Structures are given as structure tokens and as C-alpha cells.
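S.K.: Whatever this is, show me its structure:
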Amino acid sequence: MTRRYFGTDGIRGRVGEPAVNPDFVLKLGWAAGNVLGRGDGKVLIGKDTRISGYMFESALEAGLVAAGLDVRLLGPMPTPGVAYLTRTFRAVAGIVITASHNPYQDNGIKFFSAEGDKLPDEVELAIEDQLDRPLSIRDPAKIGKVKRIEDASGRYIEFCKSTVPFAMSLRGLRLVVDCANGATYNVAPAVFEELGASVVRLGTEPDGLNINRGVGSTKPQALSDTVLREGADLGIAFDGDGDRVLMVDGKGRLVDGDELIYIIAKSRQQAGALRGDVVGTVMSNLGLEHALGRLGIGFARTKVGDRYIMERLKQGLGILGGEPSGHIICRDRTSTGDGIVAALQVMAAIDAFDVPLDQLCGEVEKYPQVLLNVRLGERRDILGLPAVQAAVSAAESALAGGGRVLLRPSGTEPLLRIMVEGQDARLVSTLAEQLAQVVREQEGV
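M.R.: Down below sits the predicted model:
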């Protein structure tokens, strides 16, 4: 069956669209309550800092209590924080109102199971099936109740700190922490300060409209500039909902998810705690694969999306995986991608190896990689067109086995993502532009 509303990571779109409006979200809460709680239990709701979060929080709350479930409101809370608290409160599910790294005009809904995992396909399909049924309210005596969890942030802060050795201290380090004016704006600086660091705050003044605007992991230049201006040891940037992290070393150079994964893997290996293959995606740089290979660490690739990384980790009993974007899963610490936890694992590695960030990530010799997005119209079979297939074959021949070509539709936007990777930066750039032009011609752009 084809999912109508759920994408690769929940439901997402522009506020006011058919699947991102109060009517739909109310019905979604009711449908999810029937499937996940079967009319009983409690559900946690967290959100990022978008102004529309207030509206959707109320709509979800109404739908869930109509289905007979109790609701616990967390307020602004990073997505992985909701996953953690869902487990600790023994809730039947956790829900996050967020559009992650998108601008404030967008919003969406992410779900977690009672175990803090993303929902499997069959559960999402069951929720969609419920959406086709008329909404019915439970007997008035069985309607759910709503409470606010006042100490949610403190609970999550303590959990984050517990993921690194007790003896580890960040005393003497000056860090710039960029929270993208999003869900981590309160908890992330507190975590690093309580571990002893001197923290320069960036992107910690959300107003409902400035989430991800010019700051955060998708706009790391602000972090790099601040690190250099403040003379900081390094910088840490999260995205709007806190499940991604990128870093900047003391020289202002960006350190992406591939390099962070390598650092954590090397640290886990040295401690004798690494199990299974490290898992990346088709977008992971060849340099990461080769660097891990030099350490004797296996590497596996999946489709883009943290749910596929998690599936592969579980199959191979692995503990570490992630994406270049900074969505990193440390499965020996938590159940989902967690930006704060991943950053702490890197800080623990820096402490254990007693070398700065730039030296640790310097062991990954990354291949030049160009990423381009081409906006698509109504056509959805673009990859099957002969002209596109011929262009891909020609690009692969030009790389002569020394690189990779990948074209994939976005799971959340009407875009075709084009990636070309190889040893010759000029050739890689030329091939990517040629592929993009072919796609534009087929789209009539």
C-alpha cells in the first residue's frame, strides 16, 4: 500500500495545506490515539519553536483526548528528548510538532512508539486507514485528561549528561552553541555549561518566526564566524528540532556528519565498545568509508533516512550510524538520532584522545562532492526517462570507477537531488551541472 500522508519522517508541509491544518491534525490525533493507544494510556506531545506549534498542539490534544487518551504536554523540546521521555514515562507514544530544518512557514508531525522508535510502515498505514473513518468521541466519562510536565527539560538535560563518562569535564573549554532558534535553545547550552564549559550562545532567542533563519546546522557560516570572533575552541550547531548536529573546529572549518561519525567510531573502537558495521547512506562520502576501512571497521550503506539506518543497525547488531547532514544515531546511548548526545560523544572522544577536533577529523580525506537540487513539476517518473538514464551512464563513464553518481527524489519536497562524487573536483562539478541541465530540459524548465 502507498502512504498518502506520511513521508520519510512523519507528516510535513506548509502550514494551511490539506495535511497541515488544524482540522486534519485534530483528526490525526484521534486516529493515532485509536491505533497507538487503542483508547487507553497516555501520549506525550513536544514541539519546536514555530509560532504554528501552539495551534497544532491544541488540535492534537483535542483529537487524542476525544479518543480516550491522556496527554502530557512537554512544551518546546528537542525531538530526541520526546523519544527519551516517551520511554521514561511509559507512554504509549510520543508526538513532536516540528518541520525540523525547514523555515517557520512549514510544520509537521513526527511520531515515536512506546520504545522511542520511529513508527513502522504498517502502523502509519493503520493510522491513515483510521483517518478515512468518521470521528467519534468516547463516552464523556472516558475522555482523556491533559497535564503539563513541568520538569521535562531538566529530565532530558540529566539524561544527556549521563551519556558520557562521569569523570569527563569540559572545564577550560570555550564553546559556541548554535541552537537555530529552535527546540534546543534552552536545554543544549545548559548541558554544556553544567559539564563545565564556557558557552557563547547563538540562535537561542526564538520568536516563533526565526527558527533556522541564518543560523543552525543548515546555515553554519554564522557559527564559524562566531567561533573565530570569540576565539572559541570549537562550535556546535543543531537544527530546528535538535536531531542533527554539525561542528566547527577552532579554525572555523566545518566538520560534517561523516567526520563526526568517524570520530565517534574510532573512540568506540579504542574503548572496545564498537559492535557491528558503521551504517551510512548512499550520500555518505567515500572518504568516510575509506577512513573506517583503514581502522578495520566495516561500513554499510542504506537509503537516505534515519529509519533505514536504524533498521540496518538492528539487523547487524550495530550501534553507530548517520548521515552527512549530522543526523547521527548512537544506538548504545539512545533510540533515535540525537544532536546533543552525538555532540557529547565527540567531546568525549576529544577528551579521551587529548587532541583537538581538527586533528581528529583530519584523518578523513573526503572526496570532492557536489550536491544540486532541481525542482520538479508534476512529473514523478523522471529517473525512468531515457535521456536522464543516458546522462547518468555518461557521467559514470567519465568518472571511470573513481566516484559515484546518485539521483534521488526528495522525500519531503518536489525536488530531485543530484550528487556527484569523485577525485577531480572540476570534473565532479561539471558532471553535476550537466545532469541538472538534462533534468531541467526534461521538466521544461
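
S.K.: how near is the spatially closest residue to Gly81 that is not a sequence neighbour to Glu193?
M.R.: Of all residues not flanking Gly81 in the chain, Tyr156 sits nearest, at 4.1 Å (CB to CB, 6 or more residues apart in numbering). Yep, even glycine has a C-beta here, placed from its N, CA and C like the rest. Tyr156 sits 15 Å away from Glu193, going by CB to CB, to the nearest Å.

S.K.: again, but for Val177
M.R.: As judged by CB to CB, Val177 and Glu193 stand 9 Å apart.

S.K.: Now do the shared contacts for those two.
M.R.: Common contacts of Val177 and Glu193 (CB atoms under 8 Å, 6 or more residues apart in numbering): Val199.

S.K.: is it true that Met168 touches Met347?
M.R.: Yes. The pair Met168 and Met347 qualifies as a contact (CB atoms under 8 Å) at a distance of 7.4 Å.

S.K.: who's more crowded, these two?
M.R.: Using other CB atoms under 10 Å as the criterion, Met168 and Met347 rank with Met347 on top: 23 against 15.

S.K.: Pull the contacting residues for the more buried one.
M.R.: By CB under 8 Å, 6+ apart, the contact list for Met347 reads 164, 168, 170, 195.

S.K.: residues in contact with the longest helix anywhere in the chain?
M.R.: Taking DSSP state H as the criterion, the chain has its longest helix at helix 425-443. Residues outside helix 425-443 that contact it (CB under 8 Å, 6+ apart): 368-372, 374-377, 379, 382, 385, 387-388, 391-392, 395, 398-399, 403, 405, 407, 416, 418-422.

S.K.: Of the residues you listed, grab the buried ones for ChimeraX.
M.R.: Here is the ChimeraX command that selects only those of the contacts of helix 425-443 that count as buried (16 or more other CB atoms under 10 Å):
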select :368,369,370,372,374,376,382,388,391,392,395,398,399,403,405,407,416,418,419,420,421,422
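
S.K.: Narrow the contacts of helix 425-443 to those in strands?
M.R.: 369-372, 374-375, 403, 405, 407, 416, 418-422 (DSSP state E).

S.K.: and which of those residues is nearest Ala19?
M.R.: Nearest to Ala19 among the ones in strands among the contacts of helix 425-443, counting by CB to CB, is Arg375 at 20.2 Å.

S.K.: my guess is the closest one meets Ser410, correct?
M.R.: No. Judged on CB under 8 Å, Arg375 makes no contact with Ser410 at a distance of 9.8 Å.

S.K.: Phi first, then psi, for Glu17.
M.R.: Main-chain dihedrals, Glu17, degrees, to the nearest 10: phi -70, psi 170.

S.K.: Next, the contact list for it, please.
M.R.: Contacts of Glu17 by CB under 8 Å, 6+ apart: none found.

S.K.: Same check on the one 5 residues further on?
M.R.: For Pro22, the set of contacting residues under the criterion of CB under 8 Å, 6+ apart consists of 55-56, 58-59.

S.K.: could you flag which of those residues are buried?
M.R.: Buried members of those, counted by 16+ other CB under 10 Å: 55-56, 59.

S.K.: Going by distance to Val25, which of those wins?
M.R.: Lowest distance from Val25 to the buried ones among the contacts of Pro22 (CB to CB) belongs to Ala59, with 4.1 Å.

S.K.: what helix or strand is that closest one on?
M.R.: helix 53-66 (DSSP states H and E).

S.K.: Name the surrounding residues that touch that helix.
M.R.: Residues from elsewhere that reach helix 53-66 (CB under 8 Å, 6+ apart): 22-23, 25-33, 43, 45, 47, 71, 73, 76, 95, 97-98, 107, 109, 135, 137-138, 143-146.

S.K.: chain center to the next helix or strand after that helix: distance?
M.R.: Beyond helix 53-66 in the direction of the C-terminus, DSSP H and E gives the next helix or strand as strand 70-76. Relative to its chain's centre, strand 70-76 lies at 21 Å (CA atoms, centre = their mean, to the nearest Å).

S.K.: Check which helices and strands strand 70-76 is in contact with.
M.R.: strand 42-47, helix 53-66, helix 79-88, strand 146-148 (3 or more CB pairs under 8 Å, 6 or more residues apart in numbering; DSSP states H and E).

S.K.: Report the buried residues of the helix holding Ala59.
M.R.: Neighbour-count burial for helix 53-66 flags 53, 55-57, 59-66 (criterion: 16+ other CB under 10 Å).

S.K.: Ok, stretch 227-237 next?
M.R.: 227, 232-237.

S.K.: Looking at the residues you listed, which are in strands?
M.R.: Among the buried residues of stretch 227-237, the members falling in strands (DSSP E) are 234-237.

S.K.: separation between the residue nearest to Gly39 when sequence neighbours are not counted and Ala400?
M.R.: Nearest residue to Gly39 in three dimensions, chain neighbours excluded: Gly68, at 4.0 Å (CB to CB, 6+ apart). According to CB to CB, Gly68 and Ala400 sit 62 Å apart.

S.K.: Neighbour count: these two, which is higher?
M.R.: Gly68 (21 against 10).

S.K.: looking at it, that one is touching Gly33, isn't it?
M.R.: Yes. Gly68 lies in contact with Gly33 (CB under 8 Å); the separation is 6.9 Å.
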